[in-house]
Every structure is written in C-alpha cells, then in structure tokens.
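A.B. asks: Predicted model and sequence follow; I will ask about them next.
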Amino acid sequence: MRRRLEAALAFACALGAVLLLAAPGPAQDAGGGRTVSEPSQPSPGLVAEGRRLFLEGCSSCHGEDARGLPDRAPTLVGVGAAAADFYLRTGRMPLPDPQQQPRRTESFYDEREIDALVSYVAGLGGPPIPAVDPASGDLAHGFELFGEMCAGCHQIVGRGGMTTRAWVPDLQQSAPIDVAEAVAVGPYVMPVFTGQLTRHDVDSLARYVAYAKDPDDVGGWGIGHIGPIPEGMVTWLLAGTALVLTIRLIGERTTE
Amino acid sequence: MSWPKVLAGWLLTRVLGRARAARELDERRRREARLREQTQRHAAERAHAQRRADLLDRLERGQDEEAARREAAHALEHDHEQIRRRRAEPPPTIEREPVSSPRAEWAVILALLAMATGAVGFMVFYVAYPDTQLLGLCLGLALVFGGVAAATAGKRVVPQEQVAEPYHHHGDPALQQDVRAIVSEGRDGISRRKLIAGAAGVAGASVATAAAFPIASLGPDVGQRIYTTPWRAGRRIVDSRGRRLTTGDVDLGAFVLAFPEGAARDDLGAPIVLLRFDASELSLPPELARYAPEGIVAYSRICTHAGCAVSMFRHPSYPATEPGDALVCPCHFSTFDPRRGGEVLFGPAARALPQLPLRVGAGGELEAAGDFTAPIGPSYGGIRLGDEEL
C-alpha cells in the first residue's frame, strides 16, 4: 500500500517537473488601467508654496536657485514637471543621502505638497507631465516593445534586477503614469526612450506593465516570476524528490 | 507498535486476506533467522581475518617467525577451504527465486523500445524541427523509459536473491570467478533473453546515436557565419520596425536598437545599438574618430564574452555622483564604455565590444561606413584578443 502511495507521489513529482519545464511564458490578457490627465494650470499661490517647500526640503542639495550644487545634485532647471512628479510621487526624492541610489518608498510629501513642488519645478522649464491611457494601448504591442527596450534591465515581467553599480527597480507598484514619466525622464541611470516611442507605444507599454503585475501563467506556476534560475531550482527539487521516492520504490530494505 | 505498522497490518489482513498475511509473516521470520545466522558467520569470519592480520603483523616484525609461518599457512588453507566450500555448494543462506514472467519480460521489452523511440524522436526533431522543449522531452522520455526498463528488469525479470555478504579481500581469483558465476546465473528463468538483449541493444544504440547528433551543430553548417556580418559600407540602418534611422532619431541618452536594412535580423552580426554623446565626451580610437557623425556611435549588440544580447545601457542622469555611461550585458555583467570604443570596464569580457563605423548618407540617413572593427560574438581561441584581421 505504501509502495503504491510512493509510486503515485513519485509520478506526481515527475509529472510536475515535466509540466514546469514545458510551461510557456506569459500570454495575452485583456488588461485595463486608469487614465491620468495633465494637471490644470497652476496658481501663483501653489508655485509660492512649492518654492517654500523647495527651500525647506530640497535646496540643501539642489541649491537655493535650483541650479544644483557641484558634486552633490544636478540642476532642476529644464527637467520639467515630469521628472519632479516622478521622483516625488514615487518617494525617490528627497534622498536621505545624495550618494544613495533613489529607491521607491512611501512618498514624503502629501498630494498637495507634491502639486506645489511640481508646479515650482515646472516653472523652471522643461517637459510637462505626459498623458497616458493604458486602456487604449495594445497589450501584444506593449509586450514586444517591453521586450525590446525594457526587459534587458527590468526583466520581461518587470521584476527588476541589477546592472553594474545600480539596482533595477521592479515595476510591481508602477502606475501607468510612472511608466510614461520614466520613459520620458530616464530617471537615475535609465536611458531616455521618448524619442523612439509614440503616444500609442507608451500607452501599450503602460498596459503591459499593468498586466505583468499579475500575468496569466499559462501552463504553470510562476515561481515569483523571477526568472529561469529559481524555476530550474524548483524543478530540480521536485525531480530530486521524485528520484528519491523512485529509489525507495525500487530498492528493498531489510532489518537486521 | 507504531501506528504505521498497525495500519499496515490491518491493511494486509483486510486487503490481502489473512492467509497471505500469515504467509508473509512466516517468510519474514525465516528471513530474519537466516540473517541472524549470516551475522554469526560473518562475526566468525571477521575474527578469523583479524587473527590473520595479527599474524602478518608479527611476521613483519620478525617475531616467532617459525610459528607465525605455520599459522599463516594454516590460515591460508582455511581461506581456500572456505572458498572451495562456498563454490561446491551455494550457501544455503542464498534464497534464489526465478521470478521472470512473460508479462514482465514484455514490459521490459516495450520500455526499451519506447526508450529507442524517444531517442529516434530526438534525432527526427533535431533535423526537422529543432525546438529545445521537444528535444528535451524526447531525450527525457528516453531516459525515463530506460530507467523503467532497468527497474522492472531488476525487480521482475532477473532471479531475486536474499543474501548478506561480508566484505571480501579484493583480487582473489577465486572470488572473481564467483562474481562471474553470479553474473551468468542472472539469466536463470528468463525465456526471452535474446529479445531482451536485442531491445537493450537497440535502446542503447539509439540513445548513443541521439547523444552524438548535436555534434552536427559544430559542423559545416556553421561555416563562415560567425565571421561575416551583413554590414557593408553604405548599408542603411533601420529600427526594429524597419524604418530608416536618421541622426535625429538618436537623442542624447537614448538607447536605440537597430538592424541592417534588407538583411536577416537573427544573424549574430545584425543587431547594433545606437547611442549619442556630446562629441567632446568621445574618446574613440583614431581610425574611428571620424565615423561618429554628430557624436552617434554604434556597437554590436552581442557580448564578446558569451554572446548574450547587450541589452542594458546605464546612462546616469547626474554623472557627478554616479559616473559612467556604460553598456552592460545582463548575463554576466560585462560592462563596456561606449565613449571609448567599447573597451571593457568590468566583468568577464576579454575584449572591447566591436564598433560599427557610421556615416550620414545622402538623405541625412544613417548608414554603415564599413564592417565592424573586430569579430563579433563570443571570444574563443584565435579571436580572443580581437586583434586578428577579419
């Protein structure tokens, strides 16, 4: 009886391993997303409030005139609302230490304060916050573009990773607007992609990023979507268990 | 009594019937008695071996030479006597039971033929449709069926024996003879010996041939493919959607994947990356300095270490705290400096990323001004240092 059970277990493990090996990558899905529109014209009061917050929280690195301090932080003249909104809303700025890599955290400022700071930085010139509508994007097209331009660093289902001297963030918490801003701004060590992308391309990318948060794992278990090495390790673990059970099944044990 | 044993006993009496349970219990008792007897015998043999070792020791040290020699001769005689006795009559403790049945034999034969089929499938897919998952599935099934055949043969075809043996001294010709005898006795009670041997031969030969098949991947088919690229002077550059690229399509800080116009894209030499730098930042080899129009440079997208796609471009937005634009390969983090002719900054790559000389064609479109500066793709043997002529 126990042998039967072992046989069944061994078979189940082997089958699981085979299925895992044969599991294909992510596939189609009808994903959605939310639309983010451009902010309305800022009032002078908001800009003044932004200036005050800037002097309080940002000027120690970016300088009182926002033109940066040598070897400390870059100028903000010309970076525009897109960069300010991206860095502040995702909690990447302010940095506790200017030598650190900005990482996504809880935003330090509330929504109104971010609006004020963004209005102030926007007043220094530069591109506005881009518009994005993932619902009008094409998921398959987004997947193709993501594979060509983003997956090298961010990994094909957006789980991040690393490059030389920097972590690559995962895109689990990225809103569509984050995607649109990031490709336009090229934050930290990321290149700039706007020149190569149409509005439809960006919508499609944002739609794919939203989809990749919870992709449809056709044929298998995603194992955290962190790539072939853990997948291989899980497969080996199952295959190893199947082998041990098979050996138990074939061998005989006598008591002395 | 632990609960698994209780459960097993209950199941045995329920499922197999009391008679069989009693039989099994009886057999187990006999087996245990046999093992006890064997254990005793082994203890005696061990004591004997110990005595002999002591003797040899004494001989070596030259004590009591005469007596020791006598004893040694006696011990040797004892050994031979033992072996003779064992060979004369198989020890009663060995219980042989020829178990082979036509059903089991056919199962082994079918498993072996399935193994051969898997191997043949590997060869067929290798030639006709080389999909790695299908190749792996075929080879995997061949090995699984091989294992099934071996396990079934071991349990249901060759005679089953219960024997416990002490550790022997090696190199004794008489014992070697014993081993040969045991191996040839393994055929007892098997009626389709030739068929099984034949099926095993077919299965073994198929798997061996399948294993040799991928050698073709090193063969003539590769040819000059790794030395020639589609890039020629005047070849236009297109993006992944086939649009011709102009200098205006490559912004500062952009990372543009591009291909040769009208050539196969999956060719190792086809994909390039285009980057733009401030001309003052560039420090290219002198012969390439004039092939970077408006500060735009092009490199092979294939890493010179292991041939992965160099798909990462780190472009710091504030180089003062985070220096260095760099092309990075995600496989082993080989890092190349695109402003200095692709030289290696970090990682296992041994030579620079091959650069493609660029120029601006008639309509402001970007085009190649020649082939790459060095062989593309992974480094090995003669092209490791990259200074050979193409």
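C.D. replies: Thanks, I have it. Residues are numbered from 1 along each chain as shown, chains lettered A, B, ... in the order given.

A.B. asks: ok, which stretches of the chain are helices?
C.D. replies: Chain wasn't specified; assuming chain A. A:2-22, A:44-57, A:59-62, A:80-89, A:111-122, A:139-145, A:151-154, A:176-185, A:199-212, A:228-250 (DSSP state H).

A.B. asks: hmm, I had chain B in mind actually
C.D. replies: B:3-11, B:18-60, B:65-88, B:102-128, B:132-152, B:173-185, B:193-212.

A.B. asks: mind checking which of these is nearest B:P348?
C.D. replies: helix B:132-152 (24.7 Å; CB to CB). Using the backbone N, CA and C atoms, a C-beta is placed for each residue, glycine as well.

A.B. asks: can you count the residues close to the nearest residue to B:P102 once chain neighbours are set aside?
C.D. replies: Computed as CB to CB, 6 or more residues apart in numbering or on different chains, the closest residue to B:P102 that is not its neighbour in sequence is B:S191, at 7.3 Å. Other residues lying near B:S191 total 11 when counted by other CB atoms under 10 Å in any protein chain shown.

A.B. asks: One more: A:A180?
C.D. replies: Neighbour number of A:A180 under other CB under 10 Å is 26.

A.B. asks: before we move on, what about A:L55?
C.D. replies: Residues lying near A:L55 (other CB under 10 Å) number 13.

A.B. asks: Relative to chain B, how far out is it?
C.D. replies: A:L55 sits 21 Å away from chain B, going by CB to the nearest CB, to the nearest Å.

A.B. asks: confidence score at the residue lying closest to that residue once chain neighbours are set aside?
C.D. replies: Distance criterion CB to CB, 6+ apart; nearest residue to A:L55, sequence neighbours excluded, is A:E64 at 6.5 Å. With respect to pLDDT, A:E64 has a value of 92.

A.B. asks: same check, this time on the one 5 residues further on
C.D. replies: The predicted local confidence for A:L69 comes out at a pLDDT of 91.

A.B. asks: Specify the beta-bridge partners of it.
C.D. replies: Beta-bridge pairing of A:L69 under DSSP bridges involves A:A73.

A.B. asks: Would you agree it is in contact with A:G63?
C.D. replies: Yes. Counting by CB atoms under 8 Å, A:G63 is a contact partner of A:L69 at 4.9 Å.

A.B. asks: tell me, what's touching those two both at once?
C.D. replies: Here A:L69 and A:G63 share no contacting residue, scored by CB atoms under 8 Å, 6 or more residues apart in numbering or on different chains.

A.B. asks: ok, now which ones touch the residue nearest to B:P102?
C.D. replies: Applying CB under 8 Å, 6+ apart to B:S191 gives the contacts B:S100, B:P102, B:E105.

A.B. asks: So what's the residue count around residue 245?
C.D. replies: Chain wasn't specified; assuming chain A. The local packing of A:L245 (other CB under 10 Å) involves 20 other residues.

A.B. asks: think we crossed wires, I meant chain B
C.D. replies: For B:L245, using other CB under 10 Å, the count is 21.

A.B. asks: ok, now the one 4 residues further on?
C.D. replies: B:D249: 20 surrounding residues under other CB under 10 Å.

A.B. asks: Now do the same contact list for whatever residue of chain B ends up closest to chain A.
C.D. replies: Nearest to chain A in chain B, going by CB to the nearest CB, is B:S311, at a distance of 2.6 Å. By CB under 8 Å, 6+ apart, the contact set of B:S311 is A:A151, A:G152, A:C153, B:R301, B:C329, B:P330.

A.B. asks: please redo it, this time with the cut-off set to 6 Å
C.D. replies: Applying CB atoms under 6 Å, 6 or more residues apart in numbering or on different chains to B:S311 gives the contacts A:G152, B:P330.

A.B. asks: Report the separation between it and B:A68.
C.D. replies: Computed as CB to CB, to the nearest Å, the B:S311 to B:A68 distance reads 78 Å.

A.B. asks: for the stretch 51-200 of chain B, which spans come out with low pLDDT?
C.D. replies: B:63-64, B:86-95, B:163-171 (pLDDT under 70).

A.B. asks: residues from it in reach of chain A?
C.D. replies: When proximity is defined by CB under 6 Å from any CB of the partner chain, the stretch 51-200 of chain B lies next to chain A at B:Q133, B:A151.

A.B. asks: Rebuild the helices of chain A as CSV, extending it with distance to B:A263.
C.D. replies: Compiled in CSV, the helices of chain A are given as follows (distance: least, CB to CB, whole Å):
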stretch, distance to B:A263
helix A:2-22, 34
helix A:44-57, 52
helix A:59-62, 48
helix A:80-89, 37
helix A:111-122, 45
helix A:139-145, 20
helix A:151-154, 23
helix A:176-185, 29
helix A:199-212, 25
helix A:228-250, 30
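
A.B. asks: weakest of these by average pLDDT?
C.D. replies: Looking at those, the bottom one is helix A:2-22 with a mean of 58.

A.B. asks: What sits closest to A:Q172 if chain neighbours are left out?
C.D. replies: A:K213 (5.7 Å).

A.B. asks: So which residues on the stretch 251-390 of chain B come close to chain A?
C.D. replies: Within the stretch 251-390 of chain B, the positions adjacent to chain A are B:251, B:253-255, B:257, B:311-316, B:318, B:320-321, B:328, B:330, B:333, B:335, B:346 by CB under 6 Å from any CB.

A.B. asks: which residues touch A:R89?
C.D. replies: A:S107, A:I114.

A.B. asks: please redo it, this time with the cut-off set to 8 Å
C.D. replies: Contacts for A:R89 were tallied using CB under 8 Å, 6+ apart; they are A:S107, A:I114, A:D178.

A.B. asks: Would you mind confirming that the first one is in contact with A:I114?
C.D. replies: Read that as A:S107. Yes. Using CB under 8 Å, A:S107 is in contact with A:I114, at 6.8 Å.

A.B. asks: out of these two, which sits in the busier spot?
C.D. replies: A:I114 (19 against 15).

A.B. asks: which ones are touching the more buried one?
C.D. replies: Contacts of A:I114 (CB under 8 Å, 6+ apart): A:D85, A:L88, A:R89, A:S107.

A.B. asks: and the residue nearest to A:Q172, how far is that from chain B?
C.D. replies: For A:K213, the distance to chain B equals 21 Å [CB to the nearest CB].

A.B. asks: ok, that residue touching A:G158?
C.D. replies: Yes. Applying CB under 8 Å as the test, A:K213 and A:G158 come out as touching, 7.3 Å apart.
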